[in-house]
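1. Dropping a prediction and its sequence here:
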Amino acid sequence: MADISRQFEVSTSLIYKWRQQALVGEPAAGFAPAVMLPEPAAAADTTAIIVELSNGVRLRIGSHASAGLVTATLRALR
(Lines give C-alpha, C1' and ligand atoms only; values in the text may rest on other atoms or scores of the structure.)
Protein backbone atom coordinates (compact mmCIF):
# COMPACT_ATOMS: atom_id res chain seq x y z
CA MET A 1 0.00 0.00 0.00
CA ALA A 2 2.89 2.37 0.67
CA ASP A 3 3.98 2.17 -2.97
CA ILE A 4 0.47 2.96 -4.15
CA SER A 5 0.09 5.87 -1.73
CA ARG A 6 3.38 7.38 -2.91
CA GLN A 7 2.52 6.84 -6.57
CA PHE A 8 -0.81 8.63 -6.27
CA GLU A 9 0.20 11.05 -3.51
CA VAL A 10 -2.53 9.79 -1.17
CA SER A 11 -2.13 9.07 2.52
CA THR A 12 -1.71 5.36 3.27
CA SER A 13 -4.26 5.61 6.08
CA LEU A 14 -6.80 7.01 3.63
CA ILE A 15 -6.31 4.05 1.29
CA TYR A 16 -6.87 1.67 4.22
CA LYS A 17 -9.99 3.62 5.22
CA TRP A 18 -11.42 3.44 1.68
CA ARG A 19 -10.60 -0.26 1.53
CA GLN A 20 -12.35 -0.94 4.83
CA GLN A 21 -15.41 1.05 3.72
CA ALA A 22 -15.57 -0.97 0.51
CA LEU A 23 -15.29 -4.27 2.41
CA VAL A 24 -18.21 -3.46 4.72
CA GLY A 25 -20.35 -2.21 1.84
CA GLU A 26 -20.41 1.50 2.65
CA PRO A 27 -21.33 3.66 -0.35
CA ALA A 28 -18.32 4.82 -2.31
CA ALA A 29 -17.48 8.49 -2.51
CA GLY A 30 -17.51 8.22 -6.28
CA PHE A 31 -14.51 6.53 -7.81
CA ALA A 32 -14.12 6.43 -11.54
CA PRO A 33 -11.45 4.61 -13.52
CA ALA A 34 -9.05 6.93 -15.30
CA VAL A 35 -6.56 6.23 -18.06
CA MET A 36 -3.72 8.63 -18.79
CA LEU A 37 -2.76 8.71 -22.44
CA PRO A 38 0.11 10.63 -23.99
CA GLU A 39 -0.97 13.57 -26.10
CA PRO A 40 -0.57 12.98 -29.83
CA ALA A 41 2.35 14.95 -31.22
CA ALA A 42 0.67 16.50 -34.25
CA ALA A 43 -3.03 16.17 -33.56
CA ALA A 44 -5.33 19.09 -34.20
CA ASP A 45 -6.66 20.70 -31.02
CA THR A 46 -10.24 19.52 -30.57
CA THR A 47 -10.49 20.54 -26.92
CA ALA A 48 -13.99 21.66 -26.00
CA ILE A 49 -13.70 21.81 -22.20
CA ILE A 50 -10.68 22.35 -19.96
CA VAL A 51 -11.05 21.69 -16.23
CA GLU A 52 -8.18 22.91 -14.08
CA LEU A 53 -7.99 21.44 -10.59
CA SER A 54 -6.62 23.28 -7.57
CA ASN A 55 -3.49 21.08 -7.60
CA GLY A 56 -2.61 22.29 -11.11
CA VAL A 57 -3.78 19.20 -12.96
CA ARG A 58 -5.66 19.95 -16.17
CA LEU A 59 -8.30 17.77 -17.72
CA ARG A 60 -9.13 18.33 -21.37
CA ILE A 61 -12.34 16.97 -22.82
CA GLY A 62 -12.42 16.76 -26.59
CA SER A 63 -15.26 17.94 -28.74
CA HIS A 64 -15.69 14.33 -29.93
CA ALA A 65 -16.49 13.05 -26.39
CA SER A 66 -19.99 11.76 -25.86
CA ALA A 67 -22.38 13.59 -23.54
CA GLY A 68 -22.40 10.55 -21.25
CA LEU A 69 -18.62 10.55 -20.94
CA VAL A 70 -18.53 14.29 -20.21
CA THR A 71 -21.27 13.94 -17.59
CA ALA A 72 -19.58 10.97 -15.88
CA THR A 73 -16.20 12.71 -15.88
CA LEU A 74 -17.50 15.94 -14.38
CA ARG A 75 -19.53 14.07 -11.75
CA ALA A 76 -16.44 12.08 -10.75
CA LEU A 77 -14.50 15.30 -10.23
CA ARG A 78 -17.11 16.75 -7.87
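-> On my side now, so go ahead. Numbers count the residues shown, from 1 in each chain.
2. Identify all contacting residues around whatever helix or strand D3 lives in.
-> Assigned by DSSP states H and E, D3 falls within helix 2-8. Residues from elsewhere that reach helix 2-8, judged by Cβ atoms under 8 Å, 6 or more residues apart in numbering: 10-12, 14-15. All C-beta atoms are positioned from the backbone trio N, CA, C, and that covers glycine.
3. and which of these is nearest to G62?
-> Ranked by distance to G62 (Cβ to Cβ), the contacts of helix 2-8 are led by V10 at 27.6 Å.
4. what's around the nearest residue to that closest one once chain neighbours are set aside, how many residues?
-> Closest residue in space to V10, ignoring its immediate chain neighbours: I4 at 7.8 Å, by Cβ to Cβ, 6 or more residues apart in numbering. Applying other Cβ atoms under 10 Å, we find 10 residues neighbouring I4.
5. gap between I4 and A22?
-> To A22, I4 is 14 Å away according to Cβ to Cβ, to the nearest Å.
6. same check, this time on L77
-> 20 Å.
7. For I49, grab phi and psi.
-> phi -140, psi 140 (degrees, to the nearest 10).
8. For it, give me its contacts.
-> Applying Cβ under 8 Å, 6+ apart, the residues contacting I49 are 60-61, 70.
9. Which of the residues you listed fall in helices?
-> The helices, defined by DSSP state H, take in V70 from the contacts of I49.
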